[in-house]
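K.L.:
Just need the structure, nothing else, for what follows:
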Amino acid sequence: MATTTNYSWTTPDDTALVKDGASAIRSLGTAIDTTTYNNSLLPIVKTIVDAKGDIIAATAADTVARLAVGTNGQVLTADSTAATGLAYTTPAASGGMTLLNSGGTTLTGASVTISSISQDYKNLYVLLKNVVLSANNILGLRLNGDTGNNYAFVGISPSSSGSSTIIAGNPDDKYTLARDVGTLTTALNKGQIEFTITRYTDTDQVAIFSNAYSVHTNTDFQSTFFTGVYDCSAAITSLTVKPNSGTFSGGTIYVYGVN
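P.N.:
Presented below is the predicted three-dimensional model:
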């Protein structure tokens with residue numbers, strides 16, 4: 001028996017007898033019917049995709065569309081607002097620490113502000129390294145540019161001389177961080193300060209924990225440890241560090257997002 005070119009349907013040979021015509025037509029009709037039905041269930045054609053990585057997704061019942069591939073590192077995510085119910089997104093960082101101010105920011109002038117802080121993390125960790133001030137000073141932190149009386153803290157400031165100072169209350173100039181950093185006015189006398197702001201995207205209160213260490217001379221040093229609270233009305237998107245008076249003469253601030 002002869003067959004068709006594409007689907008191999010059976011057809012009568014040129015020499016087939018006329019009495020077999022009805023059976024041959026019925027067989028051919030059945031083959032066409034089956035093929036047409038099966039193909040109707042598979043309407044997607046290869047021309048629907050245009051580029052490497054494209055996928056086909058549903059936009060409604062029995063309706064499909066092309067979804068273009070995302071960028072390197074993105075993942076496919078369910079998204080009910082997207083036409084296909086899917087979207088390529090950049091995964092949120094998980095675990096560890098991510099430096100938010102690339103390379104750190106030099107401490108210079110009367111104050112330094114880090115703004116547009118990402119909201120993709122749980123806590124903030126801030127490190128001020130090799131701080132040099134123009135005078136014996138108090139170093140402070142302002143959150144969201146807030147100058148209101150919304151900060152409170154308590155801590156202790158011991159030194160190598162054996163004395164300790166209890167510090168408490170609202171900080172000078174509506175700032176909070178490490179008080180009595182000391183005379184950090186030379187290359188030798190540098191301060192190292194760190195603080196953590198927990199759940200910084202909350203909009204009620206955030207806790208602050210700080211440690212500061214400063215070397216005044218080869219034999220004299222001072223540390224400050226405190227816990228504090230900032231009564232906020234919005235998530236923290238910026239922070240400013242500054243001496244209570246004078247200026248920064250050196251150092252770097254690093255702001256990390258922590259999950």
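K.L.:
residue contacts, residue 253?
P.N.:
In this structure, residue 253 makes contact with 101, 104, 105, 107, 112, 114, 126, 127, 128, 129, 241, judged by Cβ atoms under 8 Å, 6 or more residues apart in numbering. (Each C-beta comes from the backbone N, C-alpha and C, glycine too.)
K.L.:
and it, what element?
P.N.:
When elements are defined using DSSP states H and E, residue 253 is found to belong to strand 248-258.
K.L.:
tell me the mean pLDDT for that strand?
P.N.:
Model confidence over strand 248-258 averages 93 on the pLDDT scale.
K.L.:
how about the contacts of residue 253 in JSON lines, adding secondary structure, distance to residue 211 and pLDDT?
P.N.:
Written out in JSON lines, the entries for the contacts of residue 253 read as follows (DSSP: H, G, I helix; E, B strand; the rest coil; distance: Cβ to Cβ, whole Å; pLDDT from 0 to 100):
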{"residue": "101", "secondary structure": "coil", "distance to residue 211": "20", "pLDDT": "94"}
{"residue": "104", "secondary structure": "coil", "distance to residue 211": "19", "pLDDT": "93"}
{"residue": "105", "secondary structure": "strand", "distance to residue 211": "20", "pLDDT": "96"}
{"residue": "107", "secondary structure": "coil", "distance to residue 211": "18", "pLDDT": "93"}
{"residue": "112", "secondary structure": "strand", "distance to residue 211": "19", "pLDDT": "95"}
{"residue": "114", "secondary structure": "strand", "distance to residue 211": "19", "pLDDT": "97"}
{"residue": "126", "secondary structure": "strand", "distance to residue 211": "11", "pLDDT": "95"}
{"residue": "127", "secondary structure": "strand", "distance to residue 211": "10", "pLDDT": "94"}
{"residue": "128", "secondary structure": "strand", "distance to residue 211": "11", "pLDDT": "92"}
{"residue": "129", "secondary structure": "strand", "distance to residue 211": "13", "pLDDT": "90"}
{"residue": "241", "secondary structure": "strand", "distance to residue 211": "15", "pLDDT": "90"}
